[in-house]
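>>> Sequence plus the predicted model coming up.
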Amino acid sequence: MDWQQYELEREQRLEVARDRVATMTLDELDVAHWDLMRFDTVWPYFERLRREAPVFYHENSIVGPFWSVTSYDHVKAVDTDPKRFSSEPTIGLTDVQGESDGGSFIAMDDPNHAKQRKAVAPVAAARNLAALAPTIRERVNNILDSLPVGEPFNWVERVSIELTTQMLATLFDFPFEDRYKLTRWSDIATTPRKAGLWNTLEERQAELDECLAYMTRLRDERIDKPGGFDLLSMLAHNEDTRDMSPRMFLGNLLLLIIGGNDTTRNSISGGVLAMNRFPEQFEELKANREKIPNAVAEIIRWQTPLAFMRRTTTEYVEIGGEVIPEGERVLMWYASGNRDETVFENADVLDIDRENARQHLSFGYGVHRCMGNRVAELQLNILWEEMLDRYSHIEVAGAPVRAISNFVRGYTHLPVKLHTVN
């Protein structure tokens, strides 16, 4: 299927979804079903919830009962109220996903969250970013040099995964020849059984145990070598993280691997897709390179690589005219908030001149705002700088294949053809 046919079929699927949503009761709307993300038809569901029930209880969801928060202001209100909306015991929705973050600082409340986050925060400090920039640019150029021109290839594999995996290896000071293990562990931790990467919980856990064993060996080698600026050395030398239990160590490892992988990787792919859907924006960017930083923020808003984060109520909470009991699962739908028309005009459109693009929710808000957001933005900025120097057009040459997940809004395949600057 070529790009034009794909876009036509996507519009047809959206139209069917709009018609279907219009005839459904609110109780029948299940925004957690992974097929809505997989086929990019979730938007009419979010639109109706924002309009009629921005805080809503899904009693009959495929993943069990939970509360949806879909409007921008309500998502922000939940994310900035960690006392009543706790990150413990997990920020994931399903039990399997919850095992991935169990014990990590993203699934903790303060003060423990702040202590463990502080241990690895220097990786995103301004000085470290300045030191990383030349390495990122070198890696980007090497990757782009290796790509064929005028021949179709999978952008996700050759660029999105390759760049983020190389940078993860750098941030962990991980053996470069084994770097693809990092991507594998990230995918194993975030994908459901339906995606086909694992068949049983035992198989999945065996791969995560491999991650723990490998990383434990590397960390132990660095315990007596102070001064390292990689993530493992930081965890090994900080008094609040050096004696973590194996479960907590694995949780933090997966958090850092996933955080360094999914946001950047899927924004790289999503940006190319968006520039094909809105080609006038690509032409505007080529003519005005100074707009790259805002364009990157807008791409991250439009893509929203992680669809939601979960919180758990610690008491009865009234929000949006609804009273949520204590102990309830509450999903902050970042993907919906980033398409809220009351905040982002023409929200479904990519607009590199959008004045409030940086107000997107993709990195979260408050104490749990993504620690590595600047690292992600730096990679995307440098990549677009170098691509604009080389290519007159990055053509999507076929149908993209989206990840089977209600959590990660990502791609497994994006066929493209490169056209060079004359």
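Ah, there it is.
>>> For residue 114, report the pLDDT, please.
For residue 114, the pLDDT comes out at 60.
>>> just so I have it, where are all the strands in the stretch 201-350 of the chain?
In the stretch 201-350 of the chain, the strands defined using DSSP state E, counting those that start in this stretch lie at 308-313, 317-319, 322-324, 329-333.
>>> Can you give the contact residues for the longest one?
Read it as strand 308-313. Residues outside strand 308-313 that contact it (CB atoms under 8 Å, 6 or more residues apart in numbering): 66, 78-79, 84-93, 324-335, 364, 368, 406-407. Any C-beta I mention is one placed from the backbone N, CA and C, and that applies to glycine too.
>>> From the residues you listed, list the buried ones, please.
66, 78-79, 84-87, 90-93, 324, 328-335, 364, 368, 406-407 (16 or more other CB atoms under 10 Å).
>>> Out of those, name the ones that lie in helices.
Applying DSSP state H to those, the entries found in helices are 78, 79, 334, 335.
>>> can you list the residues you listed in TSV and add pLDDT?
Below are these laid out as TSV (pLDDT from 0 to 100):
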residue	pLDDT
78	96
79	93
334	97
335	97
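>>> Okay, buried residues for stretch 307-326 please.
307, 308, 309, 310, 311, 312, 313, 314, 317, 319, 320, 324.
>>> tell me the contacts of the last one?
Residues in contact with residue 324 (CB under 8 Å, 6+ apart) are 55, 57, 67, 313, 316, 317, 318, 330.
>>> give me the number of residues near the second one?
Translated: residue 57. 17 (other CB atoms under 10 Å).
>>> shift numbering so it begins at 19
New numbering, starting at 19: the last item is residue 75.
>>> Would you agree it falls within a helix?
No. Judged by DSSP: H, G, I helix; E, B strand; the rest coil, residue 75 forms no part of a helix; its state is strand.
>>> ok, how many other residues are close to the residue lying closest to it once chain neighbours are set aside?
Leaving aside its sequence neighbours, residue 75 sits nearest to residue 85 (CB to CB, 6 or more residues apart in numbering; 5.4 Å). When counting by other CB under 10 Å, one arrives at 23 neighbours for residue 85.
>>> And for residue 74?
Neighbours around residue 74, by other CB under 10 Å: 21.
>>> before we move on, back to that, the residue nearest to residue 75 contacts residue 349, correct?
Yes. Contact criterion CB atoms under 8 Å: residue 85 and residue 349 qualify, at 6.8 Å.
>>> By mean pLDDT, which helix or strand of this structure comes out lowest?
Ranking every helix and strand in the chain by mean pLDDT, DSSP states H and E puts helix 113-119 at the bottom, with a mean of 41.
>>> Could you list every helix and strand that the host helix or strand of residue 33 packs against?
Under the criterion of DSSP states H and E, residue 33 resides in helix 21-41. When contacts are defined as 3 or more CB pairs under 8 Å, 6 or more residues apart in numbering; DSSP states H and E, helix 21-41 sits against helix 61-70.
>>> Let me see the contact set for residue 432.
172, 173, 174, 178, 287, 290, 291, 414, 418, 419.
>>> which parts of whichever helix in the chain runs longest are buried?
For the chain, the helix with the greatest residue count under DSSP H is helix 264-295. Judged by neighbour count using 16+ other CB under 10 Å, the buried positions of helix 264-295 are 266-294.
>>> For residue 136, give me the pLDDT.
At residue 136, the pLDDT recorded in the model is 61.
>>> The one 10 residues further on now?
Each residue has a pLDDT score; the one for residue 146 is 76.
>>> so it sits in a strand?
No. Going by three-state DSSP, the assignment for residue 146 is helix, not a strand.
>>> and the gap between it and residue 395?
14 Å (CB to CB, to the nearest Å).
>>> Which of these two has more residues huddled nearby?
The neighbour comparison of residue 146 against residue 395 (other CB under 10 Å) goes to residue 395, with 20 against 16.
>>> how about the nearest residue to the more buried one once chain neighbours are set aside, what does it touch?
Using CB to CB, 6+ apart and skipping the chain neighbours, the partner closest in space to residue 395 is residue 314 (5.7 Å). Residue 314 makes contacts with 285, 289, 395, 398, 399, 402, as judged by CB under 8 Å, 6+ apart.
>>> Distance to residue 230 for these - can I get that in JSON lines?
Converted to JSON lines, those look like this (distance: CB to CB, whole Å):
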{"residue": "285", "distance to residue 230": "28"}
{"residue": "289", "distance to residue 230": "33"}
{"residue": "395", "distance to residue 230": "30"}
{"residue": "398", "distance to residue 230": "30"}
{"residue": "399", "distance to residue 230": "34"}
{"residue": "402", "distance to residue 230": "36"}
